[in-house]
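Student: This is a predicted model, with the sequence first.
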Amino acid sequence: MGCDGSILLDDIGSTFVGEKNALANQNSARGYEVIDNIKANVEKACPSTVSCSDILTLAARDAVYFAGGSYWMVPLGRRDGRTANKTAANELPSPFESLDSIIAKFNSKGLDIKDVVVLSGAHTIGFAQCFTFKSRLFNFGGSGKPDPELDASFLKGLQSVCPDQVDSDTNLVPLDSVTSTKFDNSYYKNIVNSSGLLQSDQLLGTDNRTASMVLNYSKYPYLFLKDFGASMVKMGNIGVLTGQDGEIRKNCKVVN
């Protein structure tokens, strides 16, 4: 529902359904054990003081910083939710959607078109499973042919890692094939060079509402890093619980 740490909660049989196995998160969101380890250490030092939500928000910032990105101030004081919403998590923006649909989902959370372009830049690190873009390689739009927007050599490399067969669906490909472990503006350079991996990425380079921003970020890395921090703060303020709402979990995986 927002920045309340709900994604960290485990399923408990049939009595509590978490969000880890929602379509957008399953085999995609990873590293939960890192947050659990941080929480365990924080609890030893400051029991019942720092929420899982704040830890997650700080860890996102620090991960970006350690990967070569910017550092921004993170507003703190979030509390953790006592519930999860798998149905809502299933509605997260997907690489199969139109740009209009993605923009509408961002708008519904108080984010604008600039935030769409900036936050998509997080795809400068991480990986995607082949099934999230395979239709672009072999049967784009039901044409029986590859997406004509894809760079030819980039296409050939992807087809070798993601052959047109079911057992390649879960193979992983870097979202940014140039600097896959560095947080930089290569994501935007890739789009300009017709090498955006996801269809939702490449659309940003061809739509007249977003193309100029993509071009600017491809040219000016510091502009992207500055704007990314600002958009992360905006996103980190969505659906925050404070005061007497929610709780401060002792264990991020279960409610107190």
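Tutor: Arrived safely.

Student: the helices in the chain, which residues?
Tutor: Secondary structure of the chain by DSSP state H: the helices cover 32-45, 52-66, 86-89, 99-108, 113-120, 135-138, 152-161, 186-192, 199-206, 211-219, 221-235.

Student: what's next to the third one, contact-wise?
Tutor: Contacts of helix 86-89 from elsewhere in the structure, counted by C-beta atoms under 8 Å, 6 or more residues apart in numbering, are M1, I7, V17, G18, E19, N21, A22, L23, A24, N25. The C-beta positions use only the backbone N, C-alpha and C, and glycine is treated the same way.

Student: The fifth one against S28, yeah?
Tutor: Right, E19. No: contact criterion C-beta atoms under 8 Å: E19 and S28 do not qualify, at 11.7 Å.

Student: Just list the residues touching G243, thanks.
Tutor: By C-beta under 8 Å, 6+ apart, the contact list for G243 reads R79.

Student: and if we set it to 6 Å?
Tutor: Neighbour list for G243: empty [criterion: C-beta atoms under 6 Å, 6 or more residues apart in numbering].

Student: next one: R79
Tutor: Going by C-beta under 6 Å, 6+ apart, the list of residues near R79 reads S51, L241, G246.

Student: Going by distance to T179, which of the residues you listed wins?
Tutor: When those are ranked by distance to T179 (C-beta to C-beta), S51 comes first, at 32.9 Å.

Student: how many other residues sit next to the nearest residue to I55 once chain neighbours are set aside?
Tutor: Of all residues not flanking I55 in the chain, I38 sits nearest, at 5.4 Å (C-beta to C-beta, 6 or more residues apart in numbering). For I38, the count of nearby residues is 18 (other C-beta atoms under 10 Å).

Student: more neighbours, E19 and S28?
Tutor: Neighbour tally, E19 and S28, criterion other C-beta under 10 Å: the higher count belongs to E19, 23 against 15.

Student: surely that one meets A84?
Tutor: Yes: the criterion here is C-beta atoms under 6 Å, and E19 meets it with A84 at 4.9 Å.

Student: picking that back up, does the residue nearest to I55 touch L56 like I think?
Tutor: No: if you go by C-beta under 6 Å, I38 and L56 don't touch, sitting 9.1 Å apart.

Student: quick revisit: any chance of JSON lines for the contacts of helix 86-89, columns distance to S108?
Tutor: Output for those, formatted as JSON lines (distance: C-beta to C-beta, whole Å):
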{"residue": "M1", "distance to S108": "12"}
{"residue": "I7", "distance to S108": "18"}
{"residue": "V17", "distance to S108": "23"}
{"residue": "G18", "distance to S108": "23"}
{"residue": "E19", "distance to S108": "18"}
{"residue": "N21", "distance to S108": "23"}
{"residue": "A22", "distance to S108": "17"}
{"residue": "L23", "distance to S108": "18"}
{"residue": "A24", "distance to S108": "16"}
{"residue": "N25", "distance to S108": "19"}
